[in-house]
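Participant: Give me a model of this one.
(one chain, ligands or ions: 2)
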Amino acid sequence: MSKGTLVLSIQGGADNWSPQRWVARFNAVGGGRKVVLLPDQIADPDDVHYAAVWKPQPGVLAAFRNLRVIFNLGAGVDALMADPSLPKVPVVRVAVDDLTGRMTEYVVLHVLMHHRQQLELRDNQSRKLWQPGAQWSAGAVTVGIMGLGTLGRDAAEVLRRIGFRVVGWSNSAKTIEGVECFSGRDGLASFLAKTHILVCLLPLTADTRHILNRGLFERLARNSPLGGPVLINAGRGGLQVEADILSCLDDGTLRAATLDVFEIEPLPADSPLWSHPRVVITPHNAADTDPDAISAYVAEQIARFEAGEPLQNVVDVTRGY
Ligand code: NDP
Ligand code: OXD
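Facilitator: Ligands and ions are numbered 1, 2, ... in the order given. Just a heads-up that it's a prediction; the model follows:
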């Protein structure tokens, strides 16, 4: 009996994301299942049981009538959710230690960079200025994490162990040891009022689009030892209003920002964010998806599915994440 075909549809992605590397990986873990990289010709579209995708062309999966599961090759599914013709089969997203660990590295790096005043120290170095200034302890700074899912929760736990005070915000109520948790629109104001460094790890949905705006920044704690609130956004660019970030940096509502994601990617060359002295820009590489780790994860999910066990990390399409 045929094991069914797995199709791959991959647009964009990081430099190590060569589609051929994904094909090789899926062939290595597929146990003989046929793997086809779209738009290559498929002998029998009805034999396609699985799709593994990253930002596929809208409509491309609608041709496969016997599709059983769609695997999103990343954590965020906003691009997939925007396709009204997406087949009505389970969508599984990535939640693996490899990606989670990379995101936690990124969050810790940038929280510490702002906390330890690296922007100011680099600037002093460029002017040969020996100016130690005051350095407060981690316990004097509250990091607020928006999104306490796979990624936010891990970052919260590591930051807490370093000594930061950590608060978090999510849709549903949570209990995380050592982390003061808030939830829902009712909990947002209290969460923001405590936050010195705001880390955004939310998914992009109809509810969260443009949530990082002036009105929200104005509600952040004003008593920060860092001289003002800091924003770190590694969620999605559509969560932020870039004109508000710039005007808030310029009038002191925000002290500094680290941005990994943008409304338009790549960030256009004429964006003033590139040259702002208190903005750190990274090219949407906070947490790369590693083909070795993710192909093994997909193979494991297929084995579960075929053994009649429940798939893990299935997206709730009504919520959009
Ligand atoms: P999860 O789905 O595990 O977690 C999402 C969290 O956001 C949950 O805690 C959820 O609440 C919360 N949330 C969602 N909607 C709302 C809302 N309206 N109000 C309050 N809280 C809300 O996702 P991950 O942690 O795995 O990933 C988060 C995002 O990170 C991805 O969607 C992606 O956009 C981004 N990402 C970016 C990468 C990069 O390289 N820059 C790499 C990987 C991911 P609840 O728990 O109650 O459901
Ligand atoms: C993801 C990403 O969602 O890399 O995994 O942005």
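
Participant: Which parts of the stretch 151-300 of the chain are strands?
Facilitator: 165-170, 179-183, 197-200, 230-233, 256-259, 279-281 (DSSP state E, counting those that start in this stretch).

Participant: Name the residues of this protein found near ligand 1, please.
Facilitator: 74-76, 95, 103, 147-152, 169-172, 201-205, 207-208, 234-236, 260-261, 284, 286-287, 321 (C-beta under 6 Å from any ligand atom). Using the backbone N, CA and C atoms, a C-beta is placed for each residue, glycine as well.

Participant: Throw together a PyMOL command that grabs the buried residues out of the residues you listed.
Facilitator: Those of the residues of the chain next to ligand 1 that count as buried under 16 or more other C-beta atoms under 10 Å are selected in PyMOL with:
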select buried, resi 74+75+76+103+147+148+149+150+151+152+169+170+171+201+202+203+204+205+208+234+235+236+260+261+284+286+287+321
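
Participant: what does the stretch 151-300 of the chain put close to ligand 2?
Facilitator: 287, 289.

Participant: one more time with 8 Å, if that's ok
Facilitator: 236, 261, 284, 286-289 (C-beta under 8 Å from any ligand atom).

Participant: Quick one: the residues you listed as CSV, columns for pLDDT too.
Facilitator: Converted to CSV, these look like this (pLDDT from 0 to 100):
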residue, pLDDT
Arg236, 98
Val261, 98
His284, 96
Ala286, 98
Ala287, 97
Asp288, 92
Thr289, 88
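
Participant: of all these, which comes closest to Pro45?
Facilitator: Using C-beta to C-beta, Thr289 comes nearest to Pro45 of those, at 26.5 Å.

Participant: How confident was the prediction at Leu220?
Facilitator: Model confidence at Leu220, given as pLDDT, is 99.

Participant: Pull the contacting residues for it.
Facilitator: 144, 192-193, 195-196, 198, 229 (C-beta atoms under 8 Å, 6 or more residues apart in numbering).

Participant: rewinding a little: which among the residues of the stretch 151-300 of the chain next to ligand 2 gets closest to Ala134?
Facilitator: Nearest member of those to Ala134, counting by C-beta to C-beta, is Ala286, at 29.6 Å.

Participant: who's in contact with that closest one?
Facilitator: Ala286 touches 102-103, 106-107, 234, 260-261, counting by C-beta under 8 Å, 6+ apart.

Participant: Phi and psi next, for it.
Facilitator: Backbone torsions of Ala286, given as degrees, to the nearest 10, read phi -60, psi -40.

Participant: now it: how far from Asp98?
Facilitator: 13 Å (C-beta to C-beta, to the nearest Å).

Participant: same deal with Ala173?
Facilitator: 29 Å.

Participant: So Met53 sits against Leu73, correct?
Facilitator: Wrong residue type there; residue 53 is Val, not Met. Yes: using C-beta atoms under 8 Å, Val53 is in contact with Leu73, at 6.4 Å.

Participant: For the two, list the residues in contact with both.
Facilitator: With C-beta under 8 Å, 6+ apart, Val53 and Leu73 have common neighbours Ile10.

Participant: What sits closest to the residue in the stretch 1-150 of the chain positioned nearest to ligand 2 if chain neighbours are left out?
Facilitator: Of all residues in the stretch 1-150 of the chain, Gly74 sits closest to ligand 2, at 2.7 Å by C-beta to the nearest ligand atom. Among residues not flanking Gly74 along the chain, Thr289 sits closest, at 5.1 Å (C-beta to C-beta, 6 or more residues apart in numbering).

Participant: Please convert the strands of the stretch 151-300 of the chain to CSV, extending it with mean pLDDT.
Facilitator: Listed next are these as CSV, based on pLDDT from 0 to 100:
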stretch, mean pLDDT
strand 165-170, 99
strand 179-183, 98
strand 197-200, 99
strand 230-233, 99
strand 256-259, 98
strand 279-281, 98
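
Participant: Go through these and pick out the most buried.
Facilitator: With neighbours defined by mean count of other C-beta atoms under 10 Å, none of the strands of the stretch 151-300 of the chain is more surrounded on average than strand 197-200, at a mean of 27.

Participant: Which residue ranges of the stretch 101-250 of the chain form helices?
Facilitator: 118-126, 150-162, 184-194, 214-217, 242-250 (DSSP state H, counting those that start in this stretch).
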